[in-house]
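Novice: Fold the following for me, if possible:
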Amino acid sequence: MRGVVLCLVFALACAAGCSRRAVEPGGGKGRLRPVYDKQTGKLTMVTLDSKKDGKIDTWSYMDGARIVRIEIDNDGDGKVDRWEYYGADQKMEKIGISRLNDGKVTPGCIPRRTAASRRWRSRRRATGR
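Specialist: Now for the predicted structure:
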């Protein structure tokens with residue numbers, strides 16, 4: 001699901017990055033909604049109703065066509081539950097989670113696991129070392 005959202009956000013950013021029209025976030029069902037800076041025309045945010053229930057639940061903060069971070073409300077309570085932070089290379093660098101469901105990142109963002117760390121953990125489980 002997250003991959004689909006990222007692809008859609010990136011496609012919209014590329015297609016609409018140069019537009020100067022002002023668009024405010026809206027509640028279109030299942031639709032991506034771009035938000036542009038009124039002074040520069042630069043894409044600053046893309047919102048999405050991923051559950052198609054009329055509520056925006058995904059906010060992608062943009063710097064033009066570059067994704068800076070994505071905030072997701074998984075349970076529909078209006079509070080962000082998950083934060084994804086992206087580097088200049090557009091790869092996820094870390095994840096923040098609200099364990100208390102209070103809309104705040106629980107201290108200690110989790111670094112994105114790499115393939116090497118997954119292999120190490122699998123090998124450790126298999127060998128017991």
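Novice: pLDDT score assigned to residue 1?
Specialist: Residue 1 carries a pLDDT value of 50.
Novice: actually residue 19, not the one I wrote
Specialist: 41.
Novice: And residue 118, by the same measure?
Specialist: Per-residue confidence at residue 118 stands at 50 (pLDDT).
Novice: ditto for residue 31
Specialist: 86.
Novice: same question, residue 52
Specialist: Value listed for residue 52 in the pLDDT field: 88.
Novice: burial count for it?
Specialist: 12 (other CB atoms under 10 Å). Glycine gets a C-beta too; all of them are placed from N, C-alpha and C.
Novice: do the one 10 residues further on as well
Specialist: Using other CB under 10 Å, residue 62 is surrounded by 23 other residues.
Novice: mind checking the SS state of it?
Specialist: strand (DSSP: H, G, I helix; E, B strand; the rest coil).
Novice: Any idea what it is bridged to?
Specialist: residue 67 (DSSP bridges).
Novice: Give me the distance between it and residue 85.
Specialist: Applying CB to CB, to the nearest Å, the value for residue 62 to residue 85 is 13 Å.
Novice: list residues touching both of the two?
Specialist: Taking CB atoms under 8 Å, 6 or more residues apart in numbering as the criterion, residue 62 and residue 85 both touch residue 68.
Novice: Could you pull out the strands in the protein for me?
Specialist: Along the chain, counting by DSSP state E, strands occupy 32-36, 43-48, 58-63, 66-72, 82-86, 92-97, 110-111.
Novice: dump the residue contacts of residue 57.
Specialist: 48, 49, 50, 51, 72, 73, 74, 76.
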